[in-house]
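Asks: Got a predicted structure plus its sequence, pasted below:
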Amino acid sequence: MGTPCHYALFELQPTFDIDPGMLSSRYRELARKVHPDRFADGGEAEQRYAIERSTNLNEAYQTLKSPSRRARYLLTLEGREMPLEATVQDPAFLMQQMQWREELEELQDDADIAGIASFKARLKAAQQNLNDSFAGIWRDESQREEAERLVRRMQFLDKLSQEVRQLEERLDD
């Protein structure tokens, strides 16, 4: 028996646009039903099954919650396995990456809190643009390469956002 589709677990149609609030409340509801503590009095097989279901649910939630992971998952459902760390054959975006990295280094060197907030806002806008672009094309077979390029860009921006959060935490200390 294979792992159920992440969307099926949440009784959703495979689509990119998901209501995050609805996803969270559905997750909490399902997590209560499959929580291993509820099966503490059951047999070993029942407990193992509960842990497995709980693990699958958590993995599905983490995937669907993140736009870049959700986008990758949708492409996988379409039968296109994407290497996790694909090189970005995307010269324009490589230039953009270098500019962002340099800017972030300067903000770090200057401990520029206001600059970091502004950088974060621009990053969020860039992420939203990628999400919107992906939502518009992911079903179109002729746009598959572009969809994969967008997912790689999304993954890079996720990483950069993580670095910005870590920088903010260091500067807050």
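Replies: That came in fine, so what should we check first? Numbers count the residues shown, from 1 in each chain.
Asks: Now the residue nearest the centre of the chain. Nearest residue, chain neighbours left out?
Replies: By C-alpha atoms, centre = their mean, the chain has its centre lying nearest to residue 66, at 2.5 Å. Once flanking residues are discounted, residue 66 sits nearest to residue 158: 7.1 Å by C-beta to C-beta, 6 or more residues apart in numbering. C-beta: built from backbone N, CA, C; applies to glycine.
Asks: Next up, the contacts around that neighbour.
Replies: Residue 158 is in contact with 66, 68, 127, counting by C-beta atoms under 8 Å, 6 or more residues apart in numbering.
Asks: Mind telling me what element it is part of?
Replies: Here residue 158, judged by DSSP states H and E, is contained in helix 144-172.
Asks: do residue 75 as well
Replies: Using DSSP H and E, residue 75 falls in helix 67-77.
Asks: what comes up buried for that helix?
Replies: Buried residues in helix 67-77, defined by neighbour count with 16 or more other C-beta atoms under 10 Å: 67-75.
Asks: now residue 122: how far from residue 129?
Replies: 11 Å (C-beta to C-beta, to the nearest Å).
Asks: Also residue 116?
Replies: Separation of residue 116 from residue 129 (C-beta to C-beta): 20 Å.
Asks: Just the helices from this protein, written as ranges.
Replies: For the chain, the helices defined by DSSP state H occupy 6-9, 20-34, 44-65, 67-77, 91-110, 113-137, 144-172.
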